[in-house]
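**Student:** have a look; sequence and predicted model below, questions after that.
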Amino acid sequence: QDSFVIGESESSSESTVHVATNGNDNTGDGGINNPYETIQKGADELNTEKNHLIIHEGTYYLTEAINFYEKPGTVDKPYIITGIDAVIDGTNLGQGNRYQDTPLLIQFSENYIVEDLEIKNCGYHCLMVSWSNNVIMRNNHIHDSYTYAVSVGYSDDTEFYDNEVHSTKSSHCVYYANSLDNSHIHDNQIYDCYSACFQNNADPRLRWCSESYNYNWGDSICDGTTTNLLFENNILHDCHNGAAINLASVSDSIFRNNLVYNAESGGIAMWDDWEKGDPDTYPDYVINAYGCKNNLVTNNIVFKKEGNVRMSMSLKRGSTENTIINNMFVGGTKNFIKFDNSSFDQELVDYNIYYRTDSNDIGQIDYVDGDGDDISEEYFTLQEWQERFNIDLNSKRISIDELFVDHANDNYYHKELSEAIDGGINSNAPNEDLLGISRPFGNNIDIGCYEYTGEIPCTPMTKSEMNSEITKYLSGNINSITLINKIIEWKNEC
């Protein structure tokens, strides 16, 4: 799947509306030399001719949510919202109302680009996109939200990339919900999330939505499944109370080249999103009908630290016909791949690396009854797993100390002579690794999200890490020479 990019118009004085903290909503005209003061005023002035809102440097403390409601752009001329060192702060909004307390909303619209913004201190979500197709969200820093930092629902053809998202207080960091197709989520850093780092709930029980909302985008947006999702090259860590990549009723999608570590409550989870309910309310409920099916899970690393619970990879409630290859499911003290007895039928599970610190077991089967309730569970060593189910025949159990350069300090690059090097299968594998290095570098593709070249890459400094160093300087805790040296050191390493 190629990266989805909608048309971008070139900025000019005729197409831009400017907002600055020293502007004026009453006397300003939105020009670069006479900007408006508030983002809402600038948003109100956008039209088919002036389609680009530029928010200049400063912190904008909102007193009401900014809602782009029923204001669609076009493919050739999308609405573009660009920040230039701009911070949207939701501190002065309330807490707990989805629409009033979310700083930035795009609803019942389409063809938008949201870029280069910092959005923080949000009383509900920070950024919400709903019923809005063809939305690009890129290079944003979104953090400190009461519930989800980012919420996307009933919206096809979205692209979410180069974002840093972190620090939610009561739920997931990035939440894709309800029916949505053709999304591309890549090259993000998502961490310190109360629950899942990335959650996708397709909500098949809400398949009636197209009739209720009468929106003219076809039935696919309400078919109860997520399809054709490409989730790649993301780094996710410290996902506290949910699987790092938590997938419900997601099918025909690809998950590749992702690095997950400190997955406190599971790594990659696949299940269906239709719990048992009142048969009068859900008369067409069929157990296991909406599991995750026909997905490709390849070249990911899921590293679990001591004390992390749940599985690195789990499939249940009719999650079948998936291909799971070239992955590392390692570390911690829980079993690393789990099926329930409704999810035995997989396309291919092989060329993976497993390791847990407290046992030789690498697999678990949960036996459930016709209602989906647990009856019993069974555990397997790699050899027992291979012999019993005829899967993972080329997979290995390898100690984490033999695999990684320095896992104690979150460096998961291949150690020299690691058996992960050239250990994978080339079929269905990505052409590049997490760092953009062409695969395969040797005879075969490496297992995991990195391709070994003999050189150890640096770890990029995140926006929050950079801001932390700048804050230390501004508060007098370090001097300018120390700050400059840290930046030079990082650049030299990279």
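**Tutor:** Right, received. Where do you want to start?
**Student:** so where's the stretch 101-250 of the chain uncertain?
**Tutor:** Along the stretch 101-250 of the chain, the model assigns pLDDT under 70 to residues 205-222.
**Student:** where exactly do the helices run in it?
**Tutor:** Using DSSP state H, counting those that start in this stretch, the helices of the stretch 101-250 of the chain run over 209-213.
**Student:** so where's the stretch 301-450 of the chain uncertain?
**Tutor:** For the stretch 301-450 of the chain (pLDDT under 70), the answer is 335.
**Student:** which one is residue 171 nearest to, not counting chain neighbours?
**Tutor:** residue 147 (4.4 Å; CB to CB, 6 or more residues apart in numbering). Every residue, glycine included, has its C-beta placed from N, CA and C.
**Student:** residue 351 touches residue 422, doesn't it?
**Tutor:** No: in this structure, residue 351 is not within contact of residue 422 by CB atoms under 8 Å, at 11.1 Å.
**Student:** on that earlier part again, contacts only, for the residue nearest to residue 171.
**Tutor:** Shown in contact with residue 147 (CB atoms under 8 Å, 6 or more residues apart in numbering): 124, 125, 168, 169, 170, 171.
**Student:** run the last query once more with 10 Å
**Tutor:** Residue 147 makes contacts with 95-96, 98, 101-102, 122-126, 168-172, 175, 194-195, as judged by CB atoms under 10 Å, 6 or more residues apart in numbering.
**Student:** just residue 155 next, same as before
**Tutor:** By CB under 10 Å, 6+ apart, the contact list for residue 155 reads 106-107, 109-110, 129-135, 176-183, 217, 221.
**Student:** and it, how far from residue 169?
**Tutor:** 24 Å (CB to CB, to the nearest Å).
**Student:** related to what we said a few turns ago, please tell me how far the residue nearest to residue 171 sits from residue 439.
**Tutor:** For residue 147, the distance to residue 439 equals 38 Å [CB to CB].
**Student:** same deal with residue 36?
**Tutor:** 49 Å.
**Student:** now swap in residue 116 and tell me
**Tutor:** Separation of residue 116 from residue 439 (CB to CB) stands at 31 Å.
**Student:** for residue 173, same thing?
**Tutor:** 28 Å.
**Student:** of the two, who's got more company?
**Tutor:** With neighbours defined as other CB atoms under 10 Å, residue 173 and residue 439 compare such that residue 173 has more, 31 against 20.
**Student:** who's in contact with the nearest residue to that one once chain neighbours are set aside?
**Tutor:** Spatially, and ignoring its direct neighbours in sequence, residue 173 is nearest to residue 193 (3.9 Å; CB to CB, 6+ apart). Contact partners of residue 193, counting by CB under 10 Å, 6+ apart, are 145, 148-149, 165-169, 171-175, 199, 236-242, 244, 264.
**Student:** list the ones among those residues that fall in strands.
**Tutor:** If you go by DSSP state E, these have 145, 165, 166, 167, 168, 174, 175, 199, 236, 237, 238, 239 in strands.
**Student:** from those, which single one is nearest residue 374?
**Tutor:** Nearest to residue 374 among the ones in strands among the contacts of residue 193: residue 199, at 22.5 Å, using CB to CB.
**Student:** done for today, thanks.
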